[in-house]
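Q: quick one: sequence and predicted model below, then my questions.
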Amino acid sequence: MSRKSSTMSAGSQGGLPPASISMPEILKDAALWALVALGLSFPMLAFRTERNLALETALEPRALLVAITVAAAFFGRLLWRLYAHPSRPKRVLFPPLDLADHHKALAPRAGIVLLVLFPIIALLLTGQGGAIKWIDNFGVQILIYVMLAWGLNIVVGLAGLLDLGYVAFYAVGAYTYAIIAAYVIPATVPVLGPWAFWICLPLAGLLAAFWGMLLGFPVLRLRGDYLAIVTLAFGEIIRIVLINWVALTNGNAGIQTPRITFFGLPFTSRSGETTLADIIPLPGTPAVHRSIFLYYVILALALLVAVVTQRMRRLPIGRAWEALREDEIACRSLGINTVNTKLTAFAMGALFGGLAGAFFGARQGFVNPRSFEFMESATILAIVVLGGMGSLFGVAVAAIVIIGGIELLRELDWLKSIFGPSFDPAQYRMLIFGFAMVLMMAWRPRGLIASREPSISLGETKSISGAHVQEGHG
């Protein structure tokens, strides 16, 4: 026994693999991975189609990109076999990120202060031109996905119901705002036109919640993969209806929506109306004013979702959601009405998705079905899973990393000097996104925030590991 342990310890020192692993075998395996990467990259990465002066399709070789991909596959597999072999003692490469045990009160307050000051900081550092990009493309865009992920977190993270069609409620909210603001109000009460967003916002949320309940009824007896398939089909049905019901939704052409106003005062006017700048002489351009106002509106909506979610977790319905996630059979044996519990989870998640959709329609000034494809649902679900299901803070951090990282790829123009002027880093965002998900699942399979706090406790509240929390069976 001592000889075996001494042999293993000797073979595990100095960064070398255990004695049972032969280096030629590892190199052969890494070379095989590199060969597979070469075969996969040959048609997609090795050539780029371009139009020449004769309007003919020409193939532009990209040998450097292929070489980097193959080298990354070879050395990545080599390092994995050397340092992640099952017989090796595992090393902690990163400290645990369970922030629930550290600075519980300070972290949320500091985060809220930073969020409130973000537009001012962006203006001071980048000026008016750069501030619009940072406030709108980063701040507003990230907060929209934070709000959507927090809404889906109720369904997936708290109730344990796998929903792959969440984007349908997002679409219902956006089209509710578009139809009422662009068609109904101008035809009936045009004087309320400047207030269209504020009138449609609660209506969009309520209508999305109604559709959430409609989705909940047919899937009450479904669990796991079957529930995921039905919700996926529901999301696709909504998108196809939006495409084909041309008389109401204008099909793929979409609907032009009125812009959001400052409580009835437009930021710009082409017809000589009184604008916000006429009443309050603020510094900066109307575009900056509008971006800042949009940022604070979506920040208020996101904080509202966070507060409501936290309050509902401590109510009986919130504890019923978590009981449903842990064990549905035990939940029924305790007398909990699982029908109402599931319907409430779907309705609340859909409500928040509808509010985000109405804001999206007002921000964009245009909605069409292409904005509500399945990839949106997949991205929102990935944010919830990577952040840690049930954790508001973890989901927010994951949204910043994923959505902010995708937006940052558009800023890497300096890579064109390495890979050529036709190289677009944004085209590889899904490849990087998938690679990051694989790393996260290997590093922290329970998400960034792996600890959970009980909804209710006697005395001191102690966080528990996410390994003791069920992920639900749908």
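A: On my side now, so go ahead. Residues are numbered from 1 along each chain as shown.
Q: mind listing what's buried in the biggest helix by length in the chain?
A: Ranked by residue count, the top helix of the chain under DSSP state H comes out as helix 286-314. By 16 or more other CB atoms under 10 Å, the buried positions in helix 286-314 come out as 288-299, 301-303, 305-306, 309, 312-313. C-betas here are computed from N, CA, C, even on glycine.
Q: per-residue confidence averaged over that helix?
A: For helix 286-314, mean pLDDT rounds to 90.
Q: any idea how far the very next helix or strand once past that helix is from the middle of the chain?
A: Downstream of helix 286-314, the next assigned helix or strand under DSSP states H and E is helix 316-326. Here the centre of helix 316-326 is set off from its chain's centre by 24 Å, with CA atoms, centre = their mean, to the nearest Å.
Q: specify the angle between helix 316-326 and helix 286-314 in degrees.
A: Orientation of helix 316-326 against helix 286-314 (axes from the mean of the first three to the mean of the last three CA atoms, to 10 degrees) gives an angle of 80 degrees.
Q: using CSV, write out the CA atom coordinates for helix 316-326.
A: Only the C-alpha atoms of helix 316-326 are listed here, as CSV (Å, rounded to 0.1, in the frame of the first residue of the first chain):
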residue,chain,number,x,y,z
PRO,A,316,-45.7,30.8,0.9
ILE,A,317,-45.8,30.8,-2.9
GLY,A,318,-42.0,31.2,-3.1
ARG,A,319,-41.4,28.4,-0.7
ALA,A,320,-43.9,26.3,-2.7
TRP,A,321,-41.8,26.9,-5.9
GLU,A,322,-38.7,25.7,-4.2
ALA,A,323,-40.5,22.7,-2.8
LEU,A,324,-41.8,21.9,-6.3
ARG,A,325,-38.2,22.1,-7.5
GLU,A,326,-36.9,19.8,-4.8
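Q: that one packs against which elements?
A: helix 286-314, helix 328-333, helix 338-364 (3 or more CB pairs under 8 Å, 6 or more residues apart in numbering; DSSP states H and E).
Q: hmm, try it at 7 Å
A: Applying 3 or more CB pairs under 7 Å, 6 or more residues apart in numbering; DSSP states H and E, one finds that helix 316-326 makes contact with helix 338-364.
Q: can you list the buried residues in the helix it packs on?
A: Buried, per 16+ other CB under 10 Å, within helix 338-364: 341-364.
Q: roughly how far is it from the heart of the chain?
A: Taking mean C-alpha positions (CA atoms, centre = their mean), helix 338-364 and its chain are 15 Å apart.
Q: average model confidence for that helix?
A: Rounded mean pLDDT across helix 338-364 is 91.
Q: what's the helix or strand containing Leu82 packed up against?
A: Taking DSSP H and E as the definition, Leu82 sits inside helix 63-83. Applying 3+ CB pairs under 7 Å, 6+ apart, we find helix 63-83 packed against helix 23-44.
Q: avg pLDDT for the helix it packs on?
A: For helix 23-44, mean pLDDT rounds to 83.
Q: what does stretch 383-394 give?
A: The average of the pLDDT scores along stretch 383-394 is 84.
Q: what comes into contact with it?
A: Residues outside stretch 383-394 that contact it (CB atoms under 7 Å, 6 or more residues apart in numbering): 99, 145, 149-150, 152-153, 156-158, 306, 309, 395, 397-399, 402, 437, 440, 446-450, 452, 466, 471.
Q: now the strands for this protein?
A: In the chain, the strands defined using DSSP state E lie at 47-51, 57-61, 255-256, 366-367, 451-452, 464-465.
Q: just the CA trace of the first one, in PDB.
A: Okay, so that is strand 47-51. What follows is strand 47-51 as a C-alpha-only set of coordinates in PDB (Å, rounded to 0.1, in the frame of the first residue of the first chain):
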ATOM      1  CA  PHE A  47     -11.300  30.000 -46.900                       C
ATOM      2  CA  ARG A  48     -13.400  33.100 -47.100                       C
ATOM      3  CA  THR A  49     -15.600  33.900 -50.100                       C
ATOM      4  CA  GLU A  50     -15.100  37.400 -51.600                       C
ATOM      5  CA  ARG A  51     -16.400  39.200 -54.700                       C
END
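Q: adjacent strands (with direction) for it?
A: When pairing is defined by DSSP bridges, strand 47-51 lines up against strand 57-61 (antiparallel).
Q: chain center to the strand it pairs with: distance?
A: Distance, stretch centre to chain centre, for strand 57-61: 36 Å (CA atoms, centre = their mean).
Q: quick one, domains of this structure?
A: 2-83, 116-468 (automatic domain parsing).
Q: what about the first one, distance to the chain center?
A: By that I understand domain 2-83. Relative to its parent chain, domain 2-83 has a centroid offset of 30 Å by CA atoms, centre = their mean.
Q: one more: the longest one?
A: With CA atoms, centre = their mean as the basis, domain 116-468 stands 8 Å off its chain's centre.
Q: returning to what we had before: hey, which of the domains of the chain is tucked in deepest?
A: The highest mean neighbour count among the domains of the chain, using mean count of other CB atoms under 10 Å, belongs to domain 116-468: a mean of 18.
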